[in-house]
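Trainee: With the input below, show me the fold.
(one chain, ligands or ions: 1)
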Amino acid sequence: MQKTLALLTLIIAFPYMLQAQNNHSGKAILVIHGGAGVIEKKYMTPEKERAYQQNLTQALLAGYKALQDGKTSVDAVQAAINVMEDSPLFNAGKGAVFTHTGKNQMDASMMNGANLKAGAVADVSTIKNPINAARAVMEKSPHVLLACQGAEEFARKEGCAMEPPAYFFTKERWEQLQRALKRDNGDTAAMNDYDPVRNIIYGAGPEDEKFGTVGCVALDDYGHLAAGTSTGGMTDKLYDRIGDSPIIGAGTYANDKTCAISCTGWGEFFMRTLAAKTVSDLMEYKNMSLKAAADTVIFHIIPELGGDGGMIALDRQGDFAFPFNTPGMFRGYIGKDGVPHVWMYKE
Ligand code: ASP
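Mentor: As a prediction, this is how the structure comes out:
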């Protein structure tokens, strides 16, 4: 199985690897995540594993191609995230989870480490690629965070692709919501119900309902960092709940002086700890390395409050880390050699 996956990755990546050898200056690197959670081999089918592997590989290649073409880290982050948003496998864009009342309400944000500009959208239901709208807020509005219909109106005006709410319907996500609703109503048969699509075991409590968000951090050949995150939030979320993903400093942060970060996990904890900005602060004010700072947040600060999840972190030297305190995290990187590297489980 592993051999087949490696071969598959090589076949998809080969043309890009050739291009990488031709014109890459060696500095650019891109790291992605597709959410953290109960991702364990025993719960995966070979088909599902292959589908994730392929999609993560495509996202890495799309982002890396942007860097290869001399585009910026912001372009690369957008390109990689678009691939995952367009896939039903991830809880973002097409595969967004359902709220308690059966809607898809998505959040996304983007930050440019070169100038500390940032943009975000929250609770949007008709924007095909919410990360594109977040970028438009960053580059074409005087604001940082737009929400609901106002955000959609702005996105439409800026030419973002729009879709009717039906586009975001997927059977798997709908069934997840039905299971969550049953559990809410005390149906014990719905307890401890493993969901292989979302890799979540329902029933152990609300802490099991939060994963699948996508994110990307990139360093371009000009030495600039960028970060982006896109999500459907949490299944069964109530009252127009907004998570950490569109909150700059919580789910997303980028600063050329320190690092670029995108988080995934139980959003409330990442908001309460300003997780992404805390990594940057530990580096800037405590002189910590990127890895030490990211590990401090994921293995100490968040779990000590009772939260869980993971993050991807990248610094200006091209060093990166992807700590997570859950059983697994979809993650990968592509750098110098132009070869996409992808992991899912703890390994
Ligand atoms: N952090 C996201 C949220 O709380 C969920 C996730 O990472 O999957 O909305």
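
Trainee: for the ligand, what are the nearby residues on the chain?
Mentor: Taking CB under 6 Å from any ligand atom as the criterion, the chain approaches the ligand at residues 35, 91, 210-213, 231, 233-234, 243-245, 264-265, 267. No exception for glycine: its C-beta is placed from N, CA and C like everyone else's.

Trainee: Apply 5 Å and report the result again.
Mentor: The chain comes close to the ligand at residues 35, 210, 211, 212, 213, 231, 233, 243, 264, 267, as judged by CB under 5 Å from any ligand atom.

Trainee: Mind listing what's buried along stretch 112-131?
Mentor: Neighbour counts over stretch 112-131 (16 or more other CB atoms under 10 Å) mark 112-114, 117-131 as buried.

Trainee: actually stretch 298-311, sorry about that
Mentor: Buried, per 16+ other CB under 10 Å, within stretch 298-311: 298, 301, 302, 307, 308, 309, 310, 311.

Trainee: Also stretch 38-47?
Mentor: 38, 39, 43, 44.

Trainee: these two touch, right, the first one and residue 328?
Mentor: Meaning residue 38. Yes: counting by CB atoms under 8 Å, residue 328 is a contact partner of residue 38 at 7.1 Å.

Trainee: returning to what we had before: so which of the buried residues of stretch 298-311 is the closest to the ligand?
Mentor: residue 309 (6.2 Å; CB to the nearest ligand atom).

Trainee: which residues touch the closest one?
Mentor: 36, 210-211, 263-266, 269-270, 298, 302, 324-326 (CB atoms under 8 Å, 6 or more residues apart in numbering).

Trainee: can you pick the most crowded of those residues?
Mentor: residue 263 (36 neighbours; other CB atoms under 10 Å).

Trainee: and it, that one's in a strand?
Mentor: Yes: the assignment for residue 263, made by DSSP: H, G, I helix; E, B strand; the rest coil, places it in a strand.

Trainee: That one reaches residue 311, doesn't it?
Mentor: Yes: the pair residue 263 / residue 311 is scored as a contact, 4.4 Å apart, by CB under 8 Å.

Trainee: can you list residues touching both of the two?
Mentor: 275, 276.

Trainee: re earlier: by pLDDT, rank the contacts of residue 309 and give me the bottom one.
Mentor: Sorting the contacts of residue 309 by pLDDT puts residue 210 at the bottom of the list (47).

Trainee: So what does the closest residue to residue 130 other than its chain neighbours have for phi and psi?
Mentor: Nearest non-adjacent residue to residue 130, counting by CB to CB, 6 or more residues apart in numbering: residue 108, 3.6 Å away. With angles defined as degrees, to the nearest 10, residue 108 sits at phi -160, psi 160.

Trainee: Burial check on residue 108, number of neighbours?
Mentor: Neighbours around residue 108, by other CB under 10 Å: 34.

Trainee: what pairs with it across the strands?
Mentor: For residue 108, the beta-bridge partners are residue 121, residue 230 (DSSP bridges).

Trainee: Please list all residues in contact with it.
Mentor: Here residue 108 is in contact with 81, 92, 120-121, 124, 130-131, 133-134, 228-231, 245-246 (criterion: CB under 8 Å, 6+ apart).

Trainee: rerun that using 7 Å as the cut-off
Mentor: 120, 121, 130, 131, 133, 134, 229, 230, 245, 246 (CB atoms under 7 Å, 6 or more residues apart in numbering).

Trainee: Show me where the stretch 201-347 of the chain has its strands.
Mentor: 214-219, 225-231, 252-254, 259-265, 309-315, 320-321, 328-334, 341-345 (DSSP state E, counting those that start in this stretch).

Trainee: Can you tell me how far residue 27 is from residue 245?
Mentor: 28 Å (CB to CB, to the nearest Å).

Trainee: for the chain, which spans come out with low pLDDT?
Mentor: Along the chain, segments meeting pLDDT under 70 span 1-26, 187-210.

Trainee: Just give the nearest non-adjacent residue to the residue most central in space within the chain, would you?
Mentor: In the chain, the residue lying closest to the centroid (CA atoms, centre = their mean) is residue 214, at 1.9 Å. Counting by CB to CB, 6+ apart, the nearest residue to residue 214 once its immediate chain neighbours are dropped is residue 84, at 4.0 Å.
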